[in-house]
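no letters, just coordinates:
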């Protein structure tokens, strides 16, 4: 009887791990694209993303943890400027850095997340204007190893990332349209 239970538990564990690592292999490269149309001028919209001092106004992370400490290092609004954060009572730590700017068209930022896990996602923002509407397209990219991907699958991290990115663009829209 004990041997049968042990076999069932072993088979269930192997099946769980097999399914988990199969699904995790699909999460090793995550691309999330979100779009928002903002009724504001192009410069206001662009500047709210470009100038890192504005990030707390529309950050979904700041909304979730308004006690986090933030600091802008370097020349804000220029390549090399960094937005540092420490939040969730020291459990969240990292920074994002502006890597490329094409005025009123495109901004690329790379993140260096140290806590609660190590990751280096990129955010790319493209801007286009039609009449009074500015279309902002956010492309989020994250590459990770199989073990990290397994834990992202296990805890539903991609769905949370999609939710946070969508909320960030909602907040950007609210900020720009004020």
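On my side now, so go ahead. Please read these numbers as outputs of a predicted model, since none were measured by experiment.

tell me how far the helix ranked longest in the chain is from the chain's mean position?
Determined from DSSP state H, the single longest helix within the chain is helix 2-25. In terms of CA atoms, centre = their mean, to the nearest Å, the centre of helix 2-25 is set 32 Å apart from its chain centre.

quick one: mean pLDDT over it.
What helix 2-25 shows for mean pLDDT is 73.

what's the closest non-adjacent residue to residue 166?
residue 34 (5.4 Å; CB to CB, 6 or more residues apart in numbering). Any C-beta I mention is one placed from the backbone N, CA and C, and that applies to glycine too.

any low-confidence regions in the chain?
17, 20-27, 146-147, 149-156 (pLDDT under 70).

the helices in this protein, which residues?
So, for the chain - with DSSP H - the helices run 2-25, 42-50, 55-58, 60-64, 146-154, 157-177.

can you list the ones you listed in JSON lines and add mean neighbour count and distance to residue 84?
Shown next, in JSON lines, are these (neighbours: other CB atoms under 10 Å; distance: least, CB to CB, whole Å):
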{"stretch": "helix 2-25", "mean neighbour count": "11", "distance to residue 84": "30"}
{"stretch": "helix 42-50", "mean neighbour count": "19", "distance to residue 84": "17"}
{"stretch": "helix 55-58", "mean neighbour count": "18", "distance to residue 84": "11"}
{"stretch": "helix 60-64", "mean neighbour count": "16", "distance to residue 84": "13"}
{"stretch": "helix 146-154", "mean neighbour count": "17", "distance to residue 84": "23"}
{"stretch": "helix 157-177", "mean neighbour count": "17", "distance to residue 84": "18"}
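
contacting residues around the closest residue in space to residue 174 that isn't next to it in sequence?
Leaving aside its chain neighbours, residue 174 sits nearest to residue 58 (7.4 Å; criterion: CB to CB, 6+ apart). Going by CB atoms under 8 Å, 6 or more residues apart in numbering, residue 58 touches 48, 168, 171-172, 174-175.

could you check how far residue 3 is from residue 51?
66 Å (CB to CB, to the nearest Å).

oops, could you answer that again for residue 60 instead?
Applying CB to CB, the value for residue 60 to residue 51 is 18 Å.

who is the closest residue to residue 161 other than its chain neighbours paired with across the strands?
Closest residue to residue 161 apart from its sequence neighbours, by CB to CB, 6+ apart: residue 32 at 6.0 Å. For residue 32, the beta-bridge partners under DSSP bridges are residue 140.
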